[in-house]
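1. A predicted structure for the sequence below; I have some questions about it.
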Amino acid sequence: MPWMNSVDSREMAALGLALLGSIYIVYKAMSIYLATPSTIHTLRGPDSPSWLSGNSETVRAPYPCNATFESWIRDYGTTFPVYGFFGSKEVFTADTQAITFILNQPLDFPKQRFALNTSRSLLGDGLAATEGFEHKRQRKILNPAFGVAAMRDITPMLIEVAHELRDAWKKELSHSIPGSGWREIDVLPWLSNAALDMIGLAGLSNLRDTKGALGFGYKFNSLCDSSNELASAFRGLSNGVSLNKGIWMINLIFPFLGHLVRKSTTSKLLTLKAWCIQPIGSNVAINRSREMMERVGSQMVTEKKSEAELLGSSSHIGGKDLLGILVRANLQVDAAGRLDDKTILAEIMRLRPPITHVNRTAGSDTIIPLARPIIDKNGNQVHEILVRRGDSILMHTYALNTRLDLWGSDALMFKPERFDKLPGAVSDIPSMFGNVMSFGAGPRGCIGWRMAVLEIKALLFTLIREFKFEIDAQLVMTSKVV
């Protein structure tokens, strides 16, 4: 449109945000006016440093400041309100009983619409983007692929990739300063590529060679070759997400716009809106990567399915890889139900959880019980809180994993031996691994936690015996999709 040429892009962006902010304020005001009063506004909590972003920068930080959480829990208890965007409030909790109650009732406390929109836009209508019966149905079919027996079969392949990474680093060290034996390496891209290769071998391989032994299957070769088209698609997806932080923020603040935003890259009528609130280029990259992943993935599934139908119902159909297991499981259900060193590791996951917090939304007015009573603004002791439909609840993994009253005064220290004799209080923490909530818990807990643990063990076992590591004191840590 010609008139747009005379308008500064920053002014248009500011205008777009102001308009969205006004819509949000009216929307929230009407919601509060019409809703049943909740306990949130009667509880004590930290002040908001910013009307625009509230406490979000603190509670959603990729590497949280534990001193802040210690202070908040000491002053307000383990459950209290924090401020979100535009003066809104949400429930912050590190209470074991409250979190257990919420995570074990996924129908009453669904994932936030923002999270579902994001998962659906990146990966389609899979496990991460579904709720209710559909999620339960998909998970039932997927479970065998991540069981103990399946993990035992893929372990040799994970070790193989760890050895490839070890050899690649040895080659890098051959170019180090003569006589020093040291070389600075950014390990994150290497570990990311190794994880991709592990998924390729373990999840997409045909494990039966002509001798019936473990053989090679689908290889991304990410550690030595960047030309594989499926690997390129995964990287494109990751880079698109990293570049497109603006769209995720808009989705978080205005979840009801998520459907329109996803359409904006293909609809010319929505170009102005897209131009105001998101970088179009990165969304195009995401769509291109998804198309490539769907094309290659569909081809692999077709090949596995053809093999399965040709060989019949044998347990060896498609090999012992995850994709083969999934194809077999899918063929065994009705057509209508088919789908289109532990202590060290536990301590690492406790202090550096891959996801620092989990959000849920109250699906209806609900009373949540508390393990640790709190004191409200009127000085009354509160043993349970009432949340109303639509209230946001933020369960903080890192705060729970480092609570001094659960883990002891040395909770912030790296001390693997603590898992040899854990304090009794940590048994109340909802968990899938090691009495820490790093993989979530309940029916929506991480389905692939066993594979993740095996991958980390394989890498630690191989690399720590071979290399000595030091961290650059000038290193600045940032959040990034890997």
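-> Great, that's in hand.
2. I'd like to check what contacts the helix or strand Ser71 falls within. Which residues are they?
-> Using DSSP states H and E, Ser71 sits in helix 66-76. The contact list for helix 66-76, computed with CB atoms under 8 Å, 6 or more residues apart in numbering, reads 43-46, 58, 80, 92, 94, 374, 396, 398-399, 402-404, 412. Yep, even glycine has a C-beta here, placed from its N, CA and C like the rest.
3. Going by neighbour count, which of the residues you listed are buried?
-> When neighbours are counted using 16 or more other CB atoms under 10 Å, the contacts of helix 66-76 contain these buried positions: 43, 45-46, 58, 80, 92, 94, 374, 396, 398-399, 402-403.
4. and those as a markdown table, adding secondary structure and pLDDT?
-> Shown next, in a markdown table, are these (DSSP: H, G, I helix; E, B strand; the rest coil; pLDDT from 0 to 100):
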| residue | secondary structure | pLDDT |
| --- | --- | --- |
| Leu43 | strand | 94 |
| Gly45 | coil | 95 |
| Pro46 | coil | 95 |
| Thr58 | helix | 87 |
| Phe80 | strand | 96 |
| Phe92 | strand | 96 |
| Ala94 | coil | 95 |
| Ile374 | strand | 96 |
| His396 | strand | 93 |
| Tyr398 | helix | 91 |
| Ala399 | helix | 92 |
| Thr402 | coil | 92 |
| Arg403 | coil | 93 |
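5. Pick the one among those residues closest to Asp197.
-> The shortest approach to Asp197 among these belongs to Tyr398, at 29.1 Å (CB to CB).
6. My guess is the closest one contacts His357. True?
-> Yes - if you go by CB atoms under 8 Å, Tyr398 and His357 touch, sitting 7.2 Å apart.
7. about what we covered before: format the buried ones among the contacts of helix 66-76 as CSV; extra columns: distance to Ala150.
-> What follows is the buried ones among the contacts of helix 66-76, written out as CSV (distance: CB to CB, whole Å):
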residue, distance to Ala150
Leu43, 45
Gly45, 45
Pro46, 45
Thr58, 40
Phe80, 42
Phe92, 37
Ala94, 34
Ile374, 43
His396, 32
Tyr398, 30
Ala399, 33
Thr402, 33
Arg403, 34
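8. Taking those residues, tell me the two that lie furthest apart.
-> For these, the farthest-apart pair by CB to CB is Leu43 and Thr402; their separation is 22.1 Å.
9. what is the rounded mean pLDDT of the helix holding Ser71?
-> Per-region confidence: helix 66-76 scores 89 on mean pLDDT.
10. Buried residues, that helix. List them.
-> Buried residues in helix 66-76, counting neighbours by 16+ other CB under 10 Å, are found at Asn66, Phe69, Glu70, Trp72, Ile73, Tyr76.
11. And the strands in the stretch 51-200 of the chain, which stretches?
-> Secondary structure of the stretch 51-200 of the chain (DSSP state E, counting those that start in this stretch): strands located at 79-83, 89-93.
12. For the ones you listed, please prepare JSON lines with the additional fields distance to Gly124.
-> Shown next, in JSON lines, are those (distance: least, CB to CB, whole Å):
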{"stretch": "strand 79-83", "distance to Gly124": "33"}
{"stretch": "strand 89-93", "distance to Gly124": "28"}
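13. out of the ones you listed, nearest to Ser306?
-> Comparing these by CB to CB, strand 89-93 comes nearest, at 49.2 Å.
14. Which strands and helices lie in contact with the closest one?
-> strand 79-83, strand 392-396 (3 or more CB pairs under 8 Å, 6 or more residues apart in numbering; DSSP states H and E).
15. quick one: that strand to helix 66-76, angle?
-> Between strand 89-93 and helix 66-76, the angle comes out at 100 degrees (axes from the mean of the first three to the mean of the last three CA atoms, to 10 degrees).
16. Mind listing the strands strand 89-93 pairs with, and their directions?
-> Applying DSSP bridges, strand 89-93 is found paired with strand 79-83 (antiparallel), strand 392-396 (parallel).
17. Among those strands, single out whichever gets nearest to Gln105.
-> Nearest of these (CB to CB): strand 392-396, 11.6 Å.
18. which residues sit against that closest one?
-> 59, 64, 69, 82, 84, 88, 90-94, 98-99, 102-103, 109, 112, 356-362, 387, 437.
19. quick revisit: kindly indicate which of the buried ones among the contacts of helix 66-76 lies nearest Arg450.
-> Each of those was checked against Arg450 using CB to CB; the closest is Tyr398, at 22.3 Å.
20. Now the closest one: closest residue in space that isn't a chain neighbour?
-> Excluding the flanking residues, the one nearest Tyr398 by CB to CB, 6 or more residues apart in numbering is Thr356, at 4.5 Å.
21. One more: Val426?
-> Nearest one to Val426, counting by CB to CB, 6+ apart, is Asn435 at 4.7 Å.
22. Likewise for Gly434?
-> Ala346 (3.3 Å).
23. try Phe80
-> Gly45 (4.0 Å).
24. Repeat that for Arg388.
-> Ser38 is the one closest to Arg388 (CB to CB, 6+ apart), at 4.3 Å.
25. Wait, that neighbour touches Leu386, no?
-> Yes - with contacts counted by CB under 8 Å, Ser38 reaches Leu386, the gap being 5.3 Å.
26. end to end, how far does stretch 371-388 reach?
-> 20 Å (CA to CA, to the nearest Å).
27. before we move on, what about stretch 62-81?
-> The first and final residues of stretch 62-81 sit 20 Å from each other (CA to CA).
28. How about stretch 388-406?
-> 29 Å.
29. ok, now stretch 223-233?
-> First-to-last distance for stretch 223-233 - CA to CA - comes to 16 Å.
30. And the residue nearest to Arg388, what's its pLDDT?
-> 70.
31. which stretch of helix or strand covers Ser306?
-> Ser306 is located in helix 280-311, with elements delineated by DSSP H and E.
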